[in-house]
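Participant: okay, here's the prediction I keep looking at, along with the sequence it came from:
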Amino acid sequence: MILDTSSLASALEPHAGAGHWLLAFSGGLDSTVLLHLLHDYRQTHPGAPPLTAVHVNHNLQPAAADWERHCERVCAALGVPLLLRKVAVDADGRGTEAAARDARYRALADTLEAADVMFFAHHQDDQVETLLLRWLRGAGLRGLQGMPALRPLGAGLLSRPLLPWPRAALEACARRHRLQWVDDPSNTDTGFDRNYLRHEVLPLLARRWPEYRGSVVRSARQLGSAAAVLEQLLPTPPPCATLLGDPGIPVSSLLRDPADAGWLVLQEWLAGQGLPAPPRAPVGEFLRQLRSGGGSPELAWSGQRLRRFGDGVYLLPIEEAALWADAGALAPGAPLELPGADRLELVPAGTGPGIALGPGEFLAVRNRSGGERCQPQGKARSQRLKKLLQEGGVPPWWRDRLPLLYLGDELVAVADLWLCASPRTLAKGGAAAWRPLWQRNNFRFRGLS
């Protein structure tokens, strides 16, 4: 079969109502072919959404600036707008290839608005390589389904219309239209797993089993069907969250029989959070500890952490904010930026509970140092803050990080969770009363509700 514009019609028509079409454009063979096919499709379909190419420069190769200029020339010749995005790649123990991919996807996701579609030029050979690499790394049912043709990306969608086509079809299309592209020399470096598979292993498979690509893709589709059936059979766990918004899953949902059912439920839940599944062995130990019922088991992987608290297992913040001895002054109209991308501000209390402040007065923001006491409004007596946090359901990983608000030497508020009884804390607020509002990583807490 010949790859041409009409070949993509069935994949593009569902996106005819998109707000904008964008293409992840590296300047290589694959994305160059897709750029020309999308451009030609729009020539014959005037109602199609506007098209923009997006080139991400990782600055990892000496020729990166030349590739960027090449992309500019190609897009200018076609009259297609080009967005240039430069990213910094921090390997951070994961390897350069994985870090570059993550940085690229983040940059591309940031360009999308609701109803936009980002096209990627992955083809059948890419899919086969991905499946075999995942298989060699011990992936489970979800991983062995391969790259989806369509999935969410940022505020929009990611679409891979070339997945049914082998690389040979793209090469033939490029020759037929005399396209020009750049070659990344790292693609021949067999020190990378994918390149080793592509250049050393797959040619051997092709000589013995010429149709291996289709067989591998069919297996992936069958695994996808099996996964869909399992998702329908396994009950969806009810959502739960800590007092401070950490998303979680009930412990009971993970203790199903047989034991592998809990593993599958956890995989699905993590996928719904946009997270990769942890390795199977530590998950098995984590589930075993949950079944034993003792302590607070914790599971850590790839920068993520899950921990039991009460009747739930919760996803902890990726980075724990640094503690501070004194964050400074908090006054109406002057919010504070706290460690960990937190934000603390005073907002009018209205008719609700609040802190009365006179002109020029402010609150000092401090960390716990030990021995603090607070008598929450409506309570008959004061309590040690340690006991209040425990009884109030504040997770252990937050207890030393709560901003404490002082008026002079008097503790008047514990974050936006409790106001402490004081002549300055008013049950019904008023014109000169203010209440704290703590925003953690863009999650706005209701507090004082």
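Facilitator: Nice, I can see it.

Participant: which residues does the nearest residue to P376 once chain neighbours are set aside form a beta bridge with?
Facilitator: Using C-beta to C-beta, 6 or more residues apart in numbering and skipping the chain neighbours, the partner closest in space to P376 is W418 (4.4 Å). Heads up, the C-betas are built off the backbone N, CA and C, glycines and all. Counting by DSSP bridges, W418 forms beta bridges with V414.

Participant: so, low pLDDT: which residues of the stretch 51-200 of the chain?
Facilitator: For the stretch 51-200 of the chain, applying pLDDT under 70 flags the ranges 91-94.

Participant: residue contacts, F286?
Facilitator: 297-299, 306 (C-beta atoms under 8 Å, 6 or more residues apart in numbering).

Participant: with respect to R401, which of these is nearest?
Facilitator: E298 (17.2 Å; C-beta to C-beta).

Participant: count of residues packed around that closest one?
Facilitator: 14 (other C-beta atoms under 10 Å).

Participant: how about the closest residue to S253 other than its chain neighbours, secondary structure?
Facilitator: Ranked by C-beta to C-beta, 6+ apart and with sequence neighbours excluded, the top spatial neighbour of S253 is P237, at 3.6 Å. Secondary structure for P237, judged by DSSP: H, G, I helix; E, B strand; the rest coil, is coil.

Participant: okay, P237 and A168: tell me how far apart.
Facilitator: P237 sits 45 Å away from A168, going by C-beta to C-beta, to the nearest Å.

Participant: now do the helices in this protein.
Facilitator: For the chain, applying DSSP state H gives helices covering 9-12, 29-44, 64-78, 96-110, 124-136, 167-176, 193-196, 202-208, 212-233, 251-254, 259-272, 280-292, 385-391, 396-399.

Participant: which residue is nearest the middle of the chain?
Facilitator: G274 (5.1 Å; C-alpha atoms, centre = their mean).

Participant: give me the phi and psi for that residue.
Facilitator: phi 80, psi 30 (degrees, to the nearest 10).

Participant: on that earlier part again, P237 and A168: who's more crowded?
Facilitator: More crowded of P237 and A168, by other C-beta under 10 Å: P237, with 21 against 13.

Participant: per-residue confidence at the more buried one?
Facilitator: We have a pLDDT of 87 for P237.

Participant: how about the contacts made by it?
Facilitator: Counting by C-beta under 8 Å, 6+ apart, the residues that P237 touches are 249-250, 253, 265, 269.

Participant: could you redo the last one with a cut-off of 6 Å?
Facilitator: Contact analysis of P237 by C-beta atoms under 6 Å, 6 or more residues apart in numbering lists 249-250, 253.

Participant: how about these in a markdown table, adding neighbour count?
Facilitator: Below are these laid out as a markdown table (neighbours: other C-beta atoms under 10 Å):
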| residue | neighbour count |
| --- | --- |
| I249 | 23 |
| P250 | 16 |
| S253 | 21 |
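
Participant: now these in a markdown table, with pLDDT and distance to G146?
Facilitator: Shown next, in a markdown table, are the contacts of P237 (pLDDT from 0 to 100; distance: C-beta to C-beta, whole Å):
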| residue | pLDDT | distance to G146 |
| --- | --- | --- |
| I249 | 94 | 26 |
| P250 | 94 | 31 |
| S253 | 91 | 27 |
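
Participant: could you dump those residues to a markdown table with distance to R384?
Facilitator: Below are the contacts of P237 laid out as a markdown table (distance: C-beta to C-beta, whole Å):
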| residue | distance to R384 |
| --- | --- |
| I249 | 32 |
| P250 | 30 |
| S253 | 34 |
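
Participant: how close does G138 get to D110?
Facilitator: From G138 over to D110 (counting by C-beta to C-beta), the distance is 32 Å.

Participant: repeat that for F286.
Facilitator: From F286 to D110 the distance is 34 Å (C-beta to C-beta).

Participant: before we move on, back to that, could you report the neighbour count for the residue nearest to P376?
Facilitator: Based on other C-beta under 10 Å, the number of other residues close to W418 is 26.

Participant: cool, the one 3 residues further on as well?
Facilitator: Look at A421: counted by other C-beta under 10 Å, it has 18 neighbours.

Participant: quick check: closest non-adjacent residue to it.
Facilitator: Nearest to A421 is Q375, by C-beta to C-beta, 6+ apart, at 4.1 Å.

Participant: how near is the one you found to R381?
Facilitator: 6 Å.

Participant: please identify which of those two sits among more neighbours.
Facilitator: Q375 (18 against 8).

Participant: please name the residues that touch the more buried one.
Facilitator: Contacts of Q375 (C-beta under 6 Å, 6+ apart): 382, 420-421.
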